[in-house]
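1. what's the 3D shape of this:
(2 chains)
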Amino acid sequence: RKEVEQDPGPFNVPEGATVAFNCTYSNSASQSFFWYRQDCRKEPKLLMSVYSSGNEDGRFTAQLNRASQYISLLIRDSKLSDSATYLCVGYSGGSNYKLTFGKGTLLTVNP
Amino acid sequence: GAVVSQHPSRVICKSGTSVKIECRSLDFQATTMFWYRQFPKQSLMLMATSNEGSKATYEQGVEKDKFLINHASLTLSTLTVTSAHPEDSSFYICSASWEGLAGRETQYFGPGTRLLVL
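-> Just a heads-up that it's a prediction; the model follows:
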């Protein structure tokens, strides 16, 4: 089983829709989680961190459920510019700050 | 702040040649640098972790003699793909970790290098 698994997608939604991405992780020692977005043929960029208490940043809400080893990302009022691949990323600690990436879920927001 | 550059952005080479990719942290000194590879429609796969002045730590399955990493300073790491073959064609991305902006260690990614081996 892969350490970080995501919805395979792709997701195609109309502008203004609410879309949710799910992610599960297998390493219970994982300390922190992040959502990155990656545009086509570009590098990943940090979207937001996810903590046990969850957090919100504008239209984006991230949640972490340690008991279920489950992470989610909710995007409200989706914009055309939200079209990208969303990567669920885990950090399991250690001196070298190693990240483990999920395969990513492609989102296309349509006009 | 926290800008990471990579050079070249894309390279096309003949099979059997070696290709060097540079990764630089432009406005900060990186604690650690990382090299990833991403094949089409796949996730980023960590190849190696690199600290300035010490040998890189390679992930399982990554040949250290084929993918040479040199970490000359706190702002520069290089990846050399030796005797490249078509199966090495991929998107190579580096990242540099730094505590500065976020108050905790965060990885900042370079724009990536597309390698095509003919």
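2. Can you mark which positions in stretch A:45-58 are buried?
-> A:46, A:47, A:48, A:49, A:50 (16 or more other C-beta atoms under 10 Å in any protein chain shown). All C-beta atoms are positioned from the backbone trio N, CA, C, and that covers glycine.
3. how about the residues of chain B near chain A?
-> Within chain B, the positions adjacent to chain A are B:31-32, B:34, B:42-46, B:49, B:51, B:57, B:91, B:93, B:97, B:105-107, B:109-112, B:114 by C-beta under 8 Å from any C-beta of the partner chain.
4. From those, list just the buried residues.
-> By 16+ other C-beta under 10 Å, the residues of chain B next to chain A give B:31-32, B:34, B:43-46, B:49, B:51, B:57, B:91, B:93, B:97, B:105-107, B:109-110, B:112 as buried.
5. lowest-pLDDT helix or strand in chain B?
-> strand B:106-109 (a mean of 86; mean pLDDT, DSSP states H and E).
6. Show me what whichever helix or strand comes after that one pairs with in its sheet, parallel or antiparallel.
-> As assigned by DSSP states H and E, the chain's next helix or strand after strand B:106-109 is strand B:113-117. Next to strand B:113-117 in the sheet, as set by DSSP bridges, lie strand B:10-13 (parallel), strand B:90-98 (antiparallel).
7. List the buried residues in the shortest one.
-> It refers to strand B:10-13. Within strand B:10-13, the residues that count as buried by 16+ other C-beta under 10 Å are B:11, B:13.
8. For the spatially closest residue to residue B:3 that is not a sequence neighbour, give its distance to chain A.
-> Excluding its sequence neighbours, the residue lying closest to residue B:3 (C-beta to C-beta, 6 or more residues apart in numbering or on different chains) is residue B:26, at 4.4 Å. Plainly put, residue B:26 is 14 Å away from chain A if you go by C-beta to the nearest C-beta, to the nearest Å.
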